[in-house]
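**Student:** No letters, just coordinates:
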């Protein structure tokens, strides 16, 4: 058991939101492209959790913060979100994050995350939508 994290690009759909997309792998595998996968990159999880809550607040759907809320919950990443993430990664400014199943981020995660950002920008440039998701 532990923190597994994924990033994917999906084809646009009118019912996609900042928190979910309609495509499932079983029925529409051709509409989903895997961009990255991390194992126990706790600091990235903390960053994405903060982004998730900020987007919920902006959408008028504030949530009470709970240690289980951001589990198996997707968040759509915009071009600006990727820029902000890149700045945080390069400046080593991801929030230090701990959790029972999270483990600890290691230096190799920085390189993997920057590679993901490049792929994600290309996907957005090709009119796809980028999502981050995790499970622990």
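**Tutor:** Now that the structure is in, tell me what you want to look at. Note that the structure is predicted; figures quoted are calculated from it, not measured.
**Student:** Count the residues that sit near residue 46.
**Tutor:** Look at residue 46: counted by other CB atoms under 10 Å, it has 19 neighbours. C-beta: built from backbone N, CA, C; applies to glycine.
**Student:** ok, and for stretch 102-120, which residues are buried?
**Tutor:** Within stretch 102-120, the residues that count as buried by 16 or more other CB atoms under 10 Å are 102-103, 105, 109-110, 112-113, 116-117, 119-120.
**Student:** Show me which of those residues has the smallest pLDDT value.
**Tutor:** Lowest pLDDT among the buried residues of stretch 102-120: residue 103, with 80.
**Student:** what's the closest non-adjacent residue to it?
**Tutor:** Of all residues not flanking residue 103 in the chain, residue 40 sits nearest, at 3.2 Å (CB to CB, 6 or more residues apart in numbering).
**Student:** so how far is residue 70 from that neighbour?
**Tutor:** Per CB to CB, to the nearest Å, residue 40 is found 15 Å from residue 70.
**Student:** And residue 110, by the same measure?
**Tutor:** 22 Å.
**Student:** before we move on, the earlier item: can you put the buried residues of stretch 102-120 in a markdown table and add distance to residue 96?
**Tutor:** Conversion of the buried residues of stretch 102-120 to a markdown table gives the following (distance: CB to CB, whole Å):
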| residue | distance to residue 96 |
| --- | --- |
| 102 | 11 |
| 103 | 13 |
| 105 | 8 |
| 109 | 13 |
| 110 | 14 |
| 112 | 18 |
| 113 | 15 |
| 116 | 20 |
| 117 | 20 |
| 119 | 26 |
| 120 | 24 |
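**Student:** ok, those residues vs residue 61, which is closest?
**Tutor:** Nearest to residue 61 among the buried residues of stretch 102-120 is residue 120, at 24.1 Å by CB to CB.
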